[in-house]
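Chemist: Just to be clear, the model below is a prediction. Sequence and coordinates:
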Amino acid sequence: MPEAVSIILHHTVPNRVSLQELYEIDNHRYAMEYLLSSDNLRREFSFNEMFETHSILLHRIHHEKGKFKTEVNLIKGAGFETTHPSNVSMEMKQ
């Protein structure tokens, strides 16, 4: 998407980009910087890094940033059901 390139590389927000889209793109930039930092590349990826990455990705976008979901969700048209919130922690640890 050319808008993302403009925001990430040129620090310029093109016309018709919503605030939501700007936050999503900006959060992805920060998440990649976090994941590719020399400190993170030296250690094994753990739940702490996963939660921190999730928190960065959802910053200014969703209230459940950096933690397991607490609300039931679904993917419209998908042929499967998502994990119920009460089972997420257990399933993630398997």
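Modeler: Good, I have the coordinates. Numbers count the residues shown, from 1 in each chain.

Chemist: How about the top helix by length along the chain, which residues are buried there?
Modeler: Identified as the longest helix of the chain according to DSSP state H is helix 19-35. Neighbour counts over helix 19-35 (16 or more other C-beta atoms under 10 Å) mark 21-22, 24-27, 31, 34 as buried. Every C-beta, even on glycine, is put in place using the N, C-alpha and C of the backbone.

Chemist: residues in contact with that helix?
Modeler: Under the criterion C-beta atoms under 8 Å, 6 or more residues apart in numbering, residues 3-4, 7-8, 13, 40, 49, 52-53, 56-61 lie in contact with helix 19-35.

Chemist: what's downstream of that helix, the next helix or strand?
Modeler: Following helix 19-35 in sequence order, the next helix or strand is helix 38-42 (DSSP states H and E).

Chemist: picking up where we left off before, could I get the average pLDDT for the longest helix of the chain?
Modeler: Mean pLDDT, computed over helix 19-35, is 93.

Chemist: How far away from the center of its chain is that helix?
Modeler: Counting by C-alpha atoms, centre = their mean, to the nearest Å, helix 19-35 is centred 8 Å from the centre of its parent chain.

Chemist: just to revisit the earlier point, widest-spaced pair of the contacts of helix 19-35?
Modeler: The most widely separated members of these are Val13 and Glu49, with 29.3 Å between them, by C-beta to C-beta.

Chemist: Tell me how many other residues surround Lys93.
Modeler: 7 (other C-beta atoms under 10 Å).

Chemist: again, but for Val13
Modeler: Count around Val13 with other C-beta under 10 Å applied: 15.

Chemist: Can you list phi and psi of it for me?
Modeler: phi -100, psi 120 (degrees, to the nearest 10).

Chemist: hang on, it packs against Ser6?
Modeler: Yes. Under the criterion of C-beta atoms under 8 Å, Val13 makes contact with Ser6 at 7.4 Å.
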